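Undergrad: Quick one: sequence and predicted model below, then my questions.
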Amino acid sequence: MLKRIDHMIKKYNMINKNDKIIVGVSGGADSLCLLHLLKALSEAYPFEITAVHVNHGIRGKEADDDENFVRNLCIQWGIPFKAYHVDIKEEAKRRKLSEEETGRKIRYEIFESLRKELAADKIAVAHNMNDQAETVLMQLFRGTGMRGLAGIPPIRDNIIRPLLGFSREEIENYCRTNQIAFRQDSTNVLNIYTRNKIRNKIIPLIKEDFNPNIIENLFNLSNLLREEDAYLEGIAEEAFQRCLKEKNSDSIVLDNNLFGTYNIVIQRRILRTVIEALLGHIKDIEYNHIRDILDLSQNQTGKRVYLPKGIIVKRQYGELIFQTGENQEISFCYELPVPGSLVIKEAGIMVEVKIIDKADFKLFNQNTYTKSFDYDKIKGNLQIRTRCEGDRIFLDKGSKKLKKFFIDEKIPKDKRSQIPLLAEGNRILWIIGYRYSDAYKITSSTNRVLEVKVMHIQ
């Protein structure tokens, strides 16, 4: 086993020279086998190991005996040891999770906290081939795709699983051969948890009546699907980047027309990538949610899909828009000092205004957020505001209602109320960031130029 675990570590680059490794040790055969093997390997690499034990406070004296057993063994083996006590029953109530899920989360939180405290590099846990098979079946029963059936990865972030390629039978035989005593968790034989039911009832039934090699077959299946999933994920990431039009902390916009050219397999993965980018995970996102978004992408503009965690998906013109919650409609109206400057916090902009003699005016200063107008054509006060009923903009072919301009330019409805306008009454001089009015153009008869510059601020 020593050679095989060494091969596993090198294959996945799990441990490097002089690494510090946190090893989760429950006292069972799996974790003690892992600790013993890593201790043997640590002298050759070399690397440092620290054992950590989490007492869940569920099994009373039995749990305390497990802790003392691991502590004494670590003293005997000369391995640094840390123990933590948690009331899992109370934590499960507080987090509104099952005790099984709470225990798993707490363990990894403690492992990560200790890793940071010790400035360690990796966390080693003792998942094995049987755990992998059980996980694949659990995912299958829940309903999942390729990624779920890929099961437990050998390495994820700082977590490594050097025993993943070994069966539980091999691990227990190793412990017996090397005279390593280990503890038996009495709750493992109780069919009160989903994993225990699969381990104690379903897998033995499959072995006896269908396939005695089910553990190895499910393990091989998970490896195959993980490789294929990684390949497809690379293709999907490239497709996502090509479809991406806009990305913010609370919204992502895809080119829906380009999105529609991809195979549905890649489309589903792009959608999961988008949701994960917004939420940080895809928990609670089910097949039906993805199907509804795919239907939306082919449906008419204006429809919406509501996802868990407050995500709203909309199709507007050629865009597929994902956002966390509805955009808040903003409304403001400020008199513009001429000359002078004005900060508009609602829009996140600062506006600077100058009056320039025509002789000093240089046209090349103009850009998307700097525009100039014939000041002598302006008769009233100027405002920076959001849209109002009756607004019009004057273009070279006549005036147009602001609403009609937004429709013609395919500006999404939820963005229209957020666009700042430079206005004289209901006459729009400038739809900031889009178009300015031809009625205020500078001509040969212009004497004074009004220059307006808009800057985005934090």
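TA: Arrived safely. Numbering: from 1, shown residues only.

Undergrad: wait, isn't P80 in contact with T50?
TA: Yes. The pair P80 / T50 is scored as a contact, 4.5 Å apart, by C-beta atoms under 8 Å. Using the backbone N, CA and C atoms, a C-beta is placed for each residue, glycine as well.

Undergrad: Compare those two and say which one has the larger neighbour count.
TA: Higher neighbour count among P80 and T50: T50, with 18 against 12, using other C-beta atoms under 10 Å.

Undergrad: Please identify the helix or strand for that one.
TA: Using DSSP states H and E, T50 sits in strand 48-55.

Undergrad: Counting neighbours, which bits of whichever helix or strand comes after that strand end up buried?
TA: Following strand 48-55 in sequence order, the next helix or strand is helix 61-77 (DSSP H and E). By 16 or more other C-beta atoms under 10 Å, the buried positions in helix 61-77 come out as 63, 66-67, 69-71, 73-74.

Undergrad: So for these, which is the shakiest by pLDDT?
TA: Taking these together, the minimum pLDDT is found at A63 (88).

Undergrad: any idea of the pLDDT on the residue nearest to that residue when sequence neighbours are not counted?
TA: Leaving out its chain neighbours, the residue that sits closest to A63 by C-beta to C-beta, 6 or more residues apart in numbering is N55, at 5.3 Å. At N55, the model reports a pLDDT of 92.

Undergrad: ditto for E326
TA: 63.

Undergrad: Please compute how far stretch 98-115 lies from its chain's middle.
TA: Relative to its chain's centre, stretch 98-115 lies at 20 Å (C-alpha atoms, centre = their mean, to the nearest Å).

Undergrad: contacting residues around that stretch?
TA: In this structure, residues lying in contact with stretch 98-115 by C-beta atoms under 8 Å, 6 or more residues apart in numbering are 22, 24, 50, 52, 54, 56, 58, 82, 84, 86, 88-89, 91-92, 95, 97, 120-123, 125, 158-159, 193-195.

Undergrad: what's G145 sitting at in phi/psi?
TA: phi -110, psi -160 (degrees, to the nearest 10).

Undergrad: Can you give me the domain boundaries for this protein?
TA: 2-219, 248-324, 333-456 (automatic domain parsing).

Undergrad: Pretty sure the residue nearest to A63 sits against H85.
TA: Yes. Using C-beta under 8 Å, N55 is in contact with H85, at 4.8 Å.

Undergrad: ok, these two, which is more surrounded?
TA: Higher neighbour count among N55 and H85: N55, with 19 against 12, using other C-beta under 10 Å.

Undergrad: and the more buried one, what does it touch?
TA: With C-beta under 8 Å, 6+ apart, N55 has these contacts: 63-64, 66-67, 83-86.

Undergrad: Need the residues you listed in a markdown table (columns: distance to K314).
TA: Below are the contacts of N55 laid out as a markdown table (distance: C-beta to C-beta, whole Å):
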| residue | distance to K314 |
| --- | --- |
| A63 | 52 |
| D64 | 56 |
| D66 | 54 |
| E67 | 54 |
| A83 | 52 |
| Y84 | 46 |
| H85 | 49 |
| V86 | 44 |
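
Undergrad: Just name the closest of these to N213, please.
TA: Set against N213, the nearest of the contacts of N55 by C-beta to C-beta is D66 (32.6 Å).

Undergrad: Name the nearest residue to that closest one, sequence neighbours excluded.
TA: With C-beta to C-beta, 6+ apart as the criterion, D66 has its nearest non-adjacent residue at 4.2 Å, and that residue is G27.

Undergrad: Can you give me the neighbour number for that neighbour?
TA: Using other C-beta under 10 Å, G27 is surrounded by 22 other residues.

Undergrad: In three-state terms, how would it be classified?
TA: coil (DSSP: H, G, I helix; E, B strand; the rest coil).

Undergrad: my guess is it meets N68, correct?
TA: No. Using C-beta under 8 Å, G27 makes no contact with N68, being 9.4 Å away.

Undergrad: Quick one: closest of the domains of the chain to A236.
TA: The nearest among those, by C-beta to C-beta, is domain 248-324 at 3.5 Å.

Undergrad: Measure how far the closest one is from the centre of its chain, please.
TA: Worked out by C-alpha atoms, centre = their mean, domain 248-324 lies 14 Å from the chain centre.

Undergrad: what does stretch 105-117 give?
TA: The answer for stretch 105-117 is 21 Å, by C-alpha atoms, centre = their mean.

Undergrad: Next, the buried residues of that stretch.
TA: 106-107, 110-112, 114-115.

Undergrad: Also stretch 264-279?
TA: 266-275, 278-279.

Undergrad: Identify the residues contacting that stretch?
TA: 145, 232-233, 235-237, 239-240, 243, 247, 250-252, 254, 259-260, 262, 282, 285, 290, 293-294, 297, 307, 309, 311, 322, 324.

Undergrad: residues of the strand holding T50 that come out buried?
TA: Neighbour-count burial for strand 48-55 [16+ other C-beta under 10 Å]: 48-55.

Undergrad: how about those in TSV, adding distance to D376?
TA: Converted to TSV, the buried residues of strand 48-55 look like this (distance: C-beta to C-beta, whole Å):
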residue	distance to D376
E48	79
I49	82
T50	79
A51	83
V52	78
H53	83
V54	78
N55	83
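
Undergrad: farthest-separated two in those?
TA: Between any two of the buried residues of strand 48-55 (C-beta to C-beta), the greatest distance is 23.7 Å, for E48 and N55.

Undergrad: and the residue nearest to D66, how far is that from I58?
TA: 14 Å (C-beta to C-beta, to the nearest Å).

Undergrad: all strands of the stretch 351-458 of the chain, in order?
TA: For the stretch 351-458 of the chain, applying DSSP state E, counting those that start in this stretch gives strands covering 370-374, 383-385, 392-395, 398-401, 421-424, 427-431, 435-436, 448-456.

Undergrad: rewinding a little: which neighbours does the strand holding T50 have in its sheet, and in what orientation?
TA: Strand 48-55 sits in its sheet next to strand 20-24 (parallel), strand 81-85 (parallel), going by DSSP bridges.

Undergrad: E409 is nearest to which of those?
TA: Closest of those to E409 is strand 20-24, at 56.8 Å (criterion: C-beta to C-beta).

Undergrad: Pull out the buried residues from stretch 322-342.
TA: 322-324, 327, 334, 336.

Undergrad: picking up where we left off before, for P204, find the nearest of the strands paired with strand 48-55.
TA: Per C-beta to C-beta, nearest to P204 of these: strand 20-24, 26.9 Å.
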